[in-house]
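Undergrad: Provide a 3D model corresponding to the input given below.
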Amino acid sequence: MPFHPQLVKMCEEAIRETAGRSHAMPSGPLHDAAEVCRAGIPTVMMFVQSLKGISHNKIEDTREEHPRMSVVALIAGVQDHDWIVKQR
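TA: Numbering: from 1, shown residues only. You can find the predicted model right below:
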């Protein structure tokens with residue numbers, strides 16, 4: 001399910017500002033966000049890196065600083081709230 005292009009761009013920019021680079025990736029597992037998007041609501045997902053690329057598994061792990069960085073990037077992304085409010 002393709003996400004909203006402006007929200008994707010906003011996330012990519014916020015991540016680059018926070019981490020120095022951003023990687024786009026497809027998501028194989030079905031997420032609630034896909035259904036929200038399918039309902040016509042502007043949607044995007046921001047992922048936190050999993051060590052060794054393992055996710056959706058009991059051995060999934062993440063470096064401690066990565067969730068913190070994702071919160072910083074999320075806050076930076078929503079600072080452009082004028083665009084978000086206009087979408088309502």
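Undergrad: From V48, how far out is H23?
TA: 12 Å (Cβ to Cβ, to the nearest Å). All C-beta spots, glycine's among them, are computed from the backbone N, C-alpha and C.
Undergrad: Show me which of the two is the more surrounded one.
TA: Counted by other Cβ atoms under 10 Å, H23 and V48 do not tie: V48 has more neighbours, with 14 against 9.
Undergrad: I figured that one was touching V72, is that so?
TA: No - using Cβ atoms under 8 Å, V48 is not in contact with V72, being 11.7 Å away.
Undergrad: List the contacts of V8.
TA: Counting by Cβ atoms under 8 Å, 6 or more residues apart in numbering, V8 makes contact with 24, 44.
Undergrad: Which pLDDT value belongs to it?
TA: V8 is assigned 90 on the pLDDT scale.
Undergrad: worst-scoring helix or strand of this protein, pLDDT-wise?
TA: helix 81-86 (a mean of 60; mean pLDDT, DSSP states H and E).
Undergrad: number of nearby residues for the closest residue to P2 other than its chain neighbours?
TA: If you skip the residues right next to it in sequence, P2 has C37 as its closest partner in space, 7.8 Å away by Cβ to Cβ, 6 or more residues apart in numbering. For C37, the neighbour count with other Cβ under 10 Å is 19.
Undergrad: Could you pull up the residues touching C37?
TA: The contact partners of C37, by Cβ under 8 Å, 6+ apart, come to 1-4, 43.
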